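Below are the sequence and a predicted model for it; my questions follow.
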Amino acid sequence: MTDTSTTPPPPAAVGTPISPADLERAARVVGAVSHAFSRKVVGQTGLRDTLLIALITGGHVLLESVPGLAKTTAAATLAQSVEASFTRIQCTPDLLPSDITGTQIYDAQKSTFVTQLGPVHSNFVLLDEINRSSAKTQSAMLEAMQERQTSIGGTVYPLPRPFLVLATQNPIEQEGTYQLPEAQLDRFLLKEVLDYPSPAEEAEVIRRIEAGVYDEQQVDAPTGVSLEDVVWLQDLAKRVYVDASIVNYIVQLIYVTRHPQQYIPGSLADYVQFGASPRASIAFMQAARALALLHGRDYVIPEDVKHLRHGVLRHRVILGYEATADDVAPETIIDAVFASVQTP
């Protein structure tokens, strides 16, 4: 476990080489959080890695799956493992922006308005079924996700650090839902698509339920990871080395998504309506640095970028209705894009 008896030293300047001691400490922090996650969530290694990357980068995650695949449990477990505040917001069509960000309430005794902060003012915020809220309510999250602040009554209220939004959406039930605008989709660092557990994993879930692992009265052993450790880890990730060849590789990949007709087969290129924005390049840089730390490295390799290709691009490469009609998945287009660019 991480030693939190002393205050963490101030972060070194961005660009300062990472010492072996820093890598060792990062491994202890990540290992403690990963162990706590695995104790509650069976399988779902892709979800675990995605949440760890989001934790290290401070980015937001969009989770897509059918109900019952432990999305809420995963988010709550992640928050508990780092002693962070956690709130869950159930999105519905009648949810108002003030229900998320907060509002001003009149105090008759003092004859003045008092600001009541909303549930978004937490370290970890779970927006359950985000596509069930109206476009106006969804837009209320844009300022919080991008600027890390909310505006209530003309006053700006900063959000705590770390701040992480985990949003879920159900792909199989579309009645009473609203499509997420592209501007908001672009603000999610990664999009993870969850699949059903294997028979062995599902049997293990049942065994853990019978053993009382998920009982509310059961107190989990502390991980020894604090919010200060998470902030230190986020600052450390900014010092992971990224070679110029990796940067050029990322930029070329994003360029291909905008001009697919010139690089990938025409039968696939015709499905692409819009390519990825510069936020995709930034997301690749941030997520690749975090993935390098997860693997105990202080430098990024091309395989890091390839490993993240679906999570970074599946919600940023916009396909036309023909792709839906022909059952062409975004991952197919993304793989074609990566196949067209030479690996450095």
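Yep, that arrived.

And residue 92, how far from residue 129?
8 Å (C-beta to C-beta, to the nearest Å). In this view, the C-beta of every residue, glycine as well, is placed from N, C-alpha and C.

of these two, who's got more company?
residue 129 (18 against 14; other C-beta atoms under 10 Å).

OK, contacts around the nearest residue to that one once chain neighbours are set aside?
Once flanking residues are discounted, residue 129 sits nearest to residue 91: 5.1 Å by C-beta to C-beta, 6 or more residues apart in numbering. Residues in contact with residue 91, defined by C-beta atoms under 8 Å, 6 or more residues apart in numbering, are 127-133, 137.

Find me the pLDDT at residue 91, would you?
Confidence at residue 91, expressed as pLDDT, is 86.

Now it: phi and psi?
phi -80, psi 130 (degrees, to the nearest 10).

cool, and residue 241?
phi -80, psi 130.

is it true that residue 299 touches residue 240?
Yes. At 6.5 Å, residue 299 and residue 240 qualify as touching, with contact defined as C-beta atoms under 8 Å.

With neighbour numbers in mind, choose between the two.
The residue with more neighbours, out of residue 299 and residue 240, is residue 240; 22 against 14, by other C-beta under 10 Å.

measure the more buried one to residue 302 for me?
In terms of C-beta to C-beta, residue 240 sits 14 Å off from residue 302.

What of residue 139?
Distance of residue 139 to residue 302, computed by C-beta to C-beta: 37 Å.

Over to residue 182?
28 Å.

Of the two, which one has the most company?
residue 302 (16 against 12).

what residues are up against the nearest residue to that one once chain neighbours are set aside?
Leaving aside its sequence neighbours, residue 302 sits nearest to residue 343 (C-beta to C-beta, 6+ apart; 5.0 Å). Contacts for residue 343 were tallied using C-beta under 8 Å, 6+ apart; they are 249, 302, 306.

From the contacts of residue 91, pick the one nearest residue 85.
residue 127 (15.3 Å; C-beta to C-beta).

residues touching the closest one, list them.
With C-beta under 8 Å, 6+ apart, residue 127 has these contacts: 89, 91, 133, 141, 165-168.

Helix or strand: which one has it?
Secondary structure from DSSP states H and E places residue 127 in strand 124-128.

Residue 37 against residue 81, yeah?
Yes. Judged on C-beta under 8 Å, residue 37 makes contact with residue 81 at a distance of 6.7 Å.

Among the contacts of residue 127, which pair sits farthest apart?
Pairwise distances across the contacts of residue 127 (C-beta to C-beta) peak at 14.8 Å, for the pair 133 and 166.
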